[in-house]
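Q: I would like the atomic coordinates for the input below:
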Amino acid sequence: MTDSIFAKTILLIASMLAVLNGGNYIKISTNDLVYDFKTNDRTPIYYYLNTENIGIKKVRFDITSFSDWVPVYKEGNQPSAKIVFELAQYTPLNFVLEIHPERLPDGANKAKITVEAVDLQDYSILESKEVNITVNKNLK
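A: Residues are numbered from 1 along each chain as shown. I've put the predicted structure just below:
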């Protein structure tokens, strides 16, 4: 009985702190990826972006790639420019970033992916995180 009350109290305190802090919803495995690539290296490069809804309610996760050489998709699905999934609290989801350095010119090349947590009621963006990708092609 006391364990149940203690657990509920901790959950209530955690929820109140999340509201006071503006509410964090997105947990991602990294914010920056850097690859050194040489012509004839194996392509594409696959990175599994681990995401999780750490917010206090179910939200929609939107992931968007702003570069045609980095399509994104949910593990097991096909590449797309924008992906949308609803995630309950503490639900993990893996997105695949399929990086194609063979399409790039020599030098430092940059791309950006965004992950947004969107409210299911009013469609406002509750939180947004960026993943910056740098491919250094034939630099070393």
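Q: ok, residues contacting the helix or strand harbouring I133?
A: When elements are assigned from DSSP states H and E, I133 belongs to strand 125-137. Here strand 125-137 makes contact (C-beta atoms under 8 Å, 6 or more residues apart in numbering) with 23-26, 28, 30-39, 49, 55, 59, 67, 70, 97, 99, 101, 104-119. (Glycine included, C-beta is placed from N, CA and C.)
Q: out of the residues you listed, list just those in helices.
A: With DSSP state H as the criterion, helices contain none of the contacts of strand 125-137.
Q: among those residues, name the buried ones.
A: 23-26, 28, 33, 37, 49, 55, 59, 67, 70, 97, 99, 101, 104, 109, 111, 113-118 (16 or more other C-beta atoms under 10 Å).
Q: how far away is D119 from K58?
A: 10 Å (C-beta to C-beta, to the nearest Å).
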